[in-house]
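Participant: just need the structure, nothing else, for what follows:
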Amino acid sequence: MKNITKITLSFLIIFLTIFFISCGSNEQTTVTETEAFTVTFVDYNGDILKTINCDSQETCDIEPPINPNNKENSKFLRWSVFESEFSEIDEDTEIEAIYNYDNRLFTVFGRAINMYSFFIMLGILVALLLSLREAPRIGMKKDDFIDGFLWIVPVSILGARLWYVVAEWDVFYDGSIGGFIQNFLGFQNGSFTGFAGLAIHGAFFTAVIMIILYSRKRKIDIFKILDIVAVGFIIAQAFGRWGNFFNQEAHGGLVGGMTEDGNAILTIEQQFNYLRNTIHIPEFIVNNMFIIDEDKFAPIRGFYHPTFFYESIFNLLGFSIMLILRRIKKIHFGEIFAFYLIWYGGLRIFIETMRTDPLTFEFLGQTFKLAIVTSILMIIGGILVSIYVRTKRKNKTYAESKYTIDFKS
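Facilitator: Modelled structure (predicted):
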């Protein structure tokens with residue numbers, strides 16, 4: 001009997017609860033619709049450029065202000081909301097002006113230190129620090145490495161410049177000796193303006209030649225040095241490519257391509273969505289890949305492939321693999337260098353198929369991309385080096401190095 005009473009009481013409580021909830025739900029709810037919203041156009045620093053008040057009951061004519069030009073050493077690219085999306089706005093919205101990045105790091109006495117130079121020097125510094133950590137582990141003296149670094153690096157930079165100048169001979173040589181010297185060394189009107197153009201392959205081959213000479217002079221195992229330099233080289237390249245980003249250069253073709261008559265296949269919005277939402281490139285990179293200055297490398301305004309970013313990412317991946325390889329006992333001295341030749345050679349071939357500004361040369365009436373030909377030679381060289389160190393230097397392995405791993409079968 002008690003159980004029946006409890007069950008009845010429970011049902012009564014449930015019934016009363018449902019009843020009161022139902023009563024409450026019958027009350028009329030007044031929904032206040034938003035009758036107006038505001039669209040605000042702001043500059044990069046938050047300054048309001050234009051405000052438009054809209055009525056949700058009527059079609060709002062959202063007209064952006066005249067393209068601003070208020071950021072020093074930068075150009076207005078676009079608004080943060082595409083104009084094709086203006087008609088979809090139905091709430092308070094802030095639309096920001098997007099500029100390309102200032103390619104200056106800072107200015108000293110009226111002379112700019114550019115991000116391009118900064119990233120190159122940062123890459124070299126990181127490479128040096130990593131090399132100094134590795135040198136003692138494979139029996140090299142830090143002093144020997146620093147001495148070599150101090151005269152190999154400057155000569156390699158000069159080699160990078162020379163490689164670029166030779167590839168662009170018609171641009172730099174104007175028929176007069178004086179004109180050639182000024183352009184080559186980066187001088188204009190008697191003052192140094194900086195190198196406008198460096199080629200990494202020139203730096204690489206110059207460095208290898210200098211390492212051969214230096215290793216013979218100091219009687220150091222050349223393959224040990226080459227392995228250390230290769231790791232430093234690839235991480236320096238990964239950093240250095242970000243200088244191209246700030247200069248909006250060394251990019252690939254227009255996203256989606258162009259028709260034969262020179263029109264974009266995809267709309268500006270579709271190009272952006274492909275980079276940002278399809279292959280998930282960070283938005284700050286995508287924004288700076290919107291190029292408005294039309295030239296032979298960017299014939300129409302639009303979003304271009306950030307090949308600098310692709311190369312930088314794969315350089316970091318190659319760098320990570322090389323760090324692992326040099327901790328394996330069975331790896332021979334010289335194989336890290338061989339891996340670099342093959343890895344970067346293959347990567348550069350891939351990148352060059354996308355670049356719009358390749359260095360070229362003519363041979364037997366045919367035009368070749370210099371970087372692709374060089375990269376093929378690097379791959380062949382990497383294979384030959386690997387064969388050589390495994391057949392002629394069988395006992396020269398990282399087993400004699402510190403902190404290595406022995407993968408036993």
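Participant: just give me the neighbour total for the closest residue to residue 138 other than its chain neighbours.
Facilitator: Closest residue to residue 138 apart from its sequence neighbours, by C-beta to C-beta, 6 or more residues apart in numbering: residue 401 at 4.8 Å. Backbone N, C-alpha and C define where each C-beta goes, glycine included. Using other C-beta atoms under 10 Å, the number of residues around residue 401 comes to 19.
Participant: could you check how far residue 401 is from residue 165?
Facilitator: In this view, residue 401 and residue 165 are 40 Å apart by C-beta to C-beta, to the nearest Å.
Participant: pretty sure the residue nearest to residue 138 contacts residue 140?
Facilitator: No. Residue 401 is beyond contact range of residue 140, at 10.5 Å (criterion: C-beta atoms under 8 Å).
Participant: hang on, residue 147 in a helix?
Facilitator: Yes. If the criterion is DSSP: H, G, I helix; E, B strand; the rest coil, then residue 147 is within a helix.
Participant: need the contact list for it.
Facilitator: Applying C-beta atoms under 8 Å, 6 or more residues apart in numbering, we find residue 147 in contact with residue 218.
Participant: hmm, try it at 10 Å
Facilitator: Contacts were defined as C-beta atoms under 10 Å, 6 or more residues apart in numbering; by that measure residue 147 touches 141, 214, 217, 218.
Participant: same question for residue 249.
Facilitator: 103, 116, 197, 243, 291, 297, 298, 308, 356, 357.
Participant: with residue 277 instead?
Facilitator: 283, 286.
Participant: how about a cut-off of 8 Å?
Facilitator: Applying C-beta under 8 Å, 6+ apart, no residues qualify as near residue 277.
Participant: repeat that for residue 208.
Facilitator: residue 226.
Participant: so it is in which element?
Facilitator: Counting by DSSP states H and E, the element that carries residue 208 is helix 200-218.
Participant: do the same with residue 336
Facilitator: helix 335-352.
Participant: so which elements touch the helix or strand just after that helix?
Facilitator: Remark: after helix 335-352, the chain's next helix or strand is strand 360-363, criterion DSSP H and E. Applying 3 or more C-beta pairs under 8 Å, 6 or more residues apart in numbering; DSSP states H and E, we find strand 360-363 packed against strand 366-369.
Participant: same question for the helix or strand just after the strand it packs on, mean pLDDT?
Facilitator: Next helix or strand after strand 366-369 toward the C-terminus (DSSP H and E): helix 370-392. The average of the pLDDT scores along helix 370-392 is 96.
Participant: just checking, what packs against helix 370-392?
Facilitator: helix 200-218, helix 335-352.
Participant: one more time with 10 Å, if that's ok
Facilitator: Here helix 370-392 touches helix 142-167, helix 200-218, helix 222-247, helix 335-352, strand 360-363, going by 3 or more C-beta pairs under 10 Å, 6 or more residues apart in numbering; DSSP states H and E.
Participant: turn those into a markdown table, columns for distance to residue 53 and mean pLDDT.
Facilitator: Shown next, in a markdown table, are the helices and strands packed on helix 370-392 (distance: least, C-beta to C-beta, whole Å; pLDDT from 0 to 100):
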| stretch | distance to residue 53 | mean pLDDT |
| --- | --- | --- |
| helix 142-167 | 55 | 88 |
| helix 200-218 | 54 | 93 |
| helix 222-247 | 38 | 94 |
| helix 335-352 | 49 | 97 |
| strand 360-363 | 56 | 83 |
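Participant: returning to that earlier point: show the contacting residues for the residue nearest to residue 138.
Facilitator: Residue 401 sits in contact with 134, 136, 137, 138, 139, 224, 326, 327, 328, 329, 331, 333, where contact means C-beta under 10 Å, 6+ apart.
Participant: show me the residues you listed that map onto helices.
Facilitator: Counting by DSSP state H, the members of those that fall within helices are 134, 224.
Participant: who touches the residue nearest the centre of the chain in this structure?
Facilitator: With distances taken as C-alpha atoms, centre = their mean, the residue of the chain nearest its centroid is residue 309 (2.6 Å). Residue 309 sits next to 241, 242, 244, 245, 251, 252, 275, 281, 282, 285, 286, 289 when contact means C-beta under 10 Å, 6+ apart.
Participant: which residue is the nearest non-sequential neighbour of the second one?
Facilitator: What that stands for is residue 242. Counting by C-beta to C-beta, 6+ apart, residue 242 lies nearest to residue 119, which is 4.7 Å off, once chain neighbours are set aside.
Participant: which helix or which strand is home to that neighbour?
Facilitator: Using DSSP H and E, residue 119 maps to helix 115-134.
Participant: what's the angle between that helix and helix 142-167?
Facilitator: Per axes from the mean of the first three to the mean of the last three C-alpha atoms, to 10 degrees, the angle that helix 115-134 makes with helix 142-167 is 150 degrees.
Participant: what angle separates helix 115-134 from helix 222-247?
Facilitator: Using the same axes, to 10 degrees: helix 115-134 against helix 222-247 is 150 degrees.
Participant: and helix 115-134, what's buried?
Facilitator: 115-116, 118-120, 122-124, 127-128, 130-132, 134 (16 or more other C-beta atoms under 10 Å).
Participant: got the residues you listed as a markdown table, with pLDDT columns?
Facilitator: Formatted as a markdown table, the buried residues of helix 115-134 follow (pLDDT from 0 to 100):
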| residue | pLDDT |
| --- | --- |
| 115 | 92 |
| 116 | 89 |
| 118 | 92 |
| 119 | 93 |
| 120 | 91 |
| 122 | 94 |
| 123 | 93 |
| 124 | 93 |
| 127 | 93 |
| 128 | 93 |
| 130 | 93 |
| 131 | 92 |
| 132 | 93 |
| 134 | 92 |
